[in-house]
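Peer 1: Below is the sequence, then the predicted model.
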Amino acid sequence: MEIVIGVAAGAILAIAGFILGRSSGRSGGLAEGAPAGSPEAELDSALEHGWSPREGETDAALVEGIGRVSAFLKTNVRKPLIEAGEAAGADELRERIEHALGALSDIDFFLEEPSMRKSGQSLVSLVEHVAHEFSRDQDIRLQLQLASDPVRAVVSGPVIMDVLYLILHNAARFGGDNTIDIAVQAIDGRSLILVRDHGPGFSDEALQRAFDPFYSTSPEGLGLGLPHARRLIEQMGGQIELRNVSDGGAEVGVSFPGS
């Protein structure tokens, strides 16, 4: 358990370096002089003393990001491991460790740079594949409205599937247990994917800040899903838009030039 908790503390430092590197255009991590000592001492010192707010957006983002990741790790890594009592059997320990390692894998996912090898792809086929996988994993009902004519775009197939999974996960979290609608269509020379939930919709603040890293209206969320999705979509030459639907729910639109 100490090993996994130590890795969790390291993840805090990695995310902090990620924020600083992205904000300043560097690829490196934290500046020299970061707190030293045991992983838990580093974590506590970093949060309480190591990064005092300075003027500027980078510092505010750093403090907010560390707080968000700290809360995520405490809930999904530290708590499951610490609450494993001495009487816990092998199966329970294995389940708790797998849960903790899964949370760390989620953070790794956002730090990795995927390959952007693009080619002409059928968006209908990609959506069908992701919808099947997501429905199986999450036990959420999806309603698909797929164009009968080919809808194609030059994208990275694996990347667009990761993006769609993130968007569906977000829709499921805020749409409750309601059905998620997915439509694929070609309009005015662009290939379009629409994902709509039937929840309360975006608040005014959420519409303004949804793409801010580490912003989330959920206390359990990292706030990295939509910002990560937007970055990848734009790297592939696409656009992503958020809106509230007049008769209820929120909609995410992803579009690319048709091919």
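Peer 2: Nice, thanks for sending it over. Numbering: from 1, shown residues only.
Peer 1: Just list the residues touching Asn244, thanks.
Peer 2: For Asn244, the contact set (Cβ atoms under 8 Å, 6 or more residues apart in numbering) comprises Gly201, Phe202, Leu207, Ala250, Glu251. For glycine as for every other residue, the C-beta is placed from the backbone atoms N, C-alpha and C.
Peer 1: Next, the buried residues of the strand or helix carrying Val195.
Peer 2: According to DSSP states H and E, Val195 maps onto strand 190-196. For strand 190-196, the neighbour count (16 or more other Cβ atoms under 10 Å) marks Ser191, Leu192, Ile193, Leu194, Val195, Arg196 as buried.
Peer 1: re earlier: which ones among the contacts of Asn244 lie within helices?
Peer 2: Here DSSP state H is the test, and the contacts of Asn244 give Leu207 as lying in helices.
Peer 1: out of the contacts of Asn244, who's nearest Met116?
Peer 2: Within those, proximity to Met116 (Cβ to Cβ) peaks at Glu251, which comes in at 26.3 Å.
Peer 1: tally of neighbours for the closest one?
Peer 2: Applying other Cβ atoms under 10 Å, we find 18 other residues in the vicinity of Glu251.
Peer 1: Now do the same contact list for it.
Peer 2: By Cβ under 8 Å, 6+ apart, Glu251 lies in contact with Leu194, Val195, Arg196, Asp197, Leu242, Arg243, Asn244, Val245.
Peer 1: just to revisit the earlier point, which of the contacts of Asn244 count as buried?
Peer 2: Gly201, Phe202, Ala250, Glu251.
Peer 1: what are the bridge partners for the last one, then?
Peer 2: Read it as Glu251. Beta bridges link Glu251 to Arg196, Arg243 when assigned by DSSP bridges.
Peer 1: which ones are touching the most centrally placed residue in the chain?
Peer 2: When Cα atoms, centre = their mean is applied to the chain, the residue found nearest the centroid is Gly225 (2.3 Å). By Cβ under 8 Å, 6+ apart, Gly225 lies in contact with Leu166, Ile167, His169, Asn170.
Peer 1: sorry, back to before: export the strand holding Val195 to PDB, keeping only CA atoms.
Peer 2: Extracted in PDB, the C-alpha atoms of strand 190-196 (Å, rounded to 0.1, in the frame of the first residue of the first chain):
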ATOM      1  CA  ARG A 190     -18.500  19.100 -42.500                       C
ATOM      2  CA  SER A 191     -18.800  15.800 -40.700                       C
ATOM      3  CA  LEU A 192     -20.600  16.100 -37.400                       C
ATOM      4  CA  ILE A 193     -21.000  14.000 -34.300                       C
ATOM      5  CA  LEU A 194     -23.600  15.100 -31.700                       C
ATOM      6  CA  VAL A 195     -23.800  13.700 -28.200                       C
ATOM      7  CA  ARG A 196     -26.800  14.800 -26.100                       C
END
